[in-house]
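Participant: output the structure for:
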Amino acid sequence: MNYIKQLLMLSFFCFLLSCNFSKKEQKAKPVYWDYIEINTKTQKVIIYKESDTASFEEAIYKNISGKGISVKYKLDTIQRKTFSLTASERDSIYKYTYQVITKPVFTDKHATCYAGYVLIKLRERQTTLMCEYKSVGEWSTVTNETKKIYDILSTKINIGKQ
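Facilitator: Sure, this is the predicted structure:
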């Protein structure tokens, strides 16, 4: 009987030791990405992983004729700016972008006149992943992640919701 108790105790300690050794520390995988591009109807933002500045372009159109539905516009100028993003802001935008692209939401939001457009691209080594939302009203409200991306960018630049 004593032998069985010793065997059970030895088995229990072996079990505990094996559990402790099987728990290997998970090393954080390095995140590889080159840049993120966010395009709205008239604006483009490019965020580079290894740069603390991002670029912003906005196409400015002028009305050349017509009113209402028959209005015609012509590209007047393209304004270019750069702005700063911290490493944590870039990492957050990457995380939200990755979620938007890999787990897209099939939204029931619909806007007339094709209002609300965003194309989000993620360049990761030799692959470009992207997700596009059209006619969704304010693109910043499609998902929680698009709202978070918009919130970060709107503190830095005047980015449009449509």
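
Participant: and stretch 123-140, end to end?
Facilitator: 21 Å (C-alpha to C-alpha, to the nearest Å).

Participant: equivalent analysis for stretch 106-122, please.
Facilitator: In stretch 106-122, first residue to last residue: 19 Å (C-alpha to C-alpha).

Participant: low-scoring pLDDT stretches of this protein, where are they?
Facilitator: For the chain, residues meeting the criterion pLDDT under 70 lie at 1-30, 108-114.

Participant: just the helices in it please.
Facilitator: In order along the chain, the chain carries the following helices (DSSP state H): 2-22, 87-102, 144-154.

Participant: tell me how far the spatially most central residue of the chain lies from Ser65.
Facilitator: Nearest residue to the geometric centre of the chain (C-alpha atoms, centre = their mean): Thr97, 1.4 Å. The gap separating Thr97 from Ser65 is 39 Å, by C-beta to C-beta, to the nearest Å. From N, CA and C alone the C-beta is placed, and that goes for glycine too.

Participant: same question for Thr128.
Facilitator: 38 Å.

Participant: between those two, which one's more packed in?
Facilitator: Neighbours around Thr128 and Ser65, counted as other C-beta atoms under 10 Å, are more numerous at Thr128. The numbers are 13 against 9.
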